[in-house]
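Undergrad: Any chance you can model this:
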Amino acid sequence: MLRHTEIRTYTFSESAGAGVDFALKDLENIYSEPYTESERPHRHDFYTILFIEEGTGIHYVDFKEYEVKDNMIFFITPGQMHQLIFFRPPKGRAILFNDEFMIKNAISDKLINDIYLFNKTGETPPLTPDETGMIVV
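TA: Numbering: from 1, shown residues only. Okay, here's the model as predicted:
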């Protein structure tokens, strides 16, 4: 069992590169091996939106288990512990951004807090678009 101090926190510059405050990454590149470092429980110091176009598995967010299926969107807040385990290679995108991106683009943290997509405490269930692209809550 991992102790709190053993859960790694990834910084934005490690994950996206130095000198940027927004990144778009392919899940295929992040989860290219059967078991990668990304599949261990970890935290980020930045916001993450995961759009899983194709993939099955389990996503643990703050010790709550969510089944991963095709066409799901997960929102991860800075500091949330999560672990994403795929049963088959995924297809999709990860959108990464930090507070500097929000400041530079005049995005108020009130917007993040008021839409409840990034939930710092409690449950953070995924959203599932239907076949028309509409979000089913």
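
Undergrad: Show me what the mean pLDDT comes to for stretch 68-83.
TA: Mean per-residue pLDDT for stretch 68-83: 92.

Undergrad: What of stretch 127-137?
TA: 63.

Undergrad: Make 777 the first number, not 1, from now on.
TA: Noted, 777 is the first residue going forward, which turns the last one into stretch 903-913.

Undergrad: Residue 784: neighbour count?
TA: 13 (other C-beta atoms under 10 Å). Every residue, glycine included, has its C-beta placed from N, CA and C.

Undergrad: How about residue 829?
TA: Counted with other C-beta under 10 Å, residues neighbouring residue 829 total 12.

Undergrad: tell me which element it falls in.
TA: Element membership of residue 829, judged by DSSP states H and E, is strand 823-830.

Undergrad: can you pull the buried residues of that strand?
TA: 823, 824, 825, 826, 827, 828 (16 or more other C-beta atoms under 10 Å).

Undergrad: Next, find the distance separating residue 790 from residue 821.
TA: According to C-beta to C-beta, to the nearest Å, residue 790 and residue 821 sit 9 Å apart.

Undergrad: Now do the helices in this structure.
TA: 788-792, 803-806, 875-880, 885-890 (DSSP state H).

Undergrad: Put the alpha carbons of the third one into PDB.
TA: Listed in PDB are the C-alpha atoms of helix 875-880, where the atom choice follows Å, rounded to 0.1, in the frame of the first residue of the first chain:
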ATOM      1  CA  ASP A 875      -3.400  28.800 -13.500                       C
ATOM      2  CA  GLU A 876      -1.100  30.900 -15.700                       C
ATOM      3  CA  PHE A 877      -3.100  29.900 -18.800                       C
ATOM      4  CA  MET A 878      -6.300  31.000 -17.000                       C
ATOM      5  CA  ILE A 879      -4.800  34.300 -15.900                       C
ATOM      6  CA  LYS A 880      -3.300  35.100 -19.400                       C
END
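
Undergrad: What is that helix packed up against?
TA: Applying 3 or more C-beta pairs under 8 Å, 6 or more residues apart in numbering; DSSP states H and E, one finds that helix 875-880 makes contact with helix 885-890.
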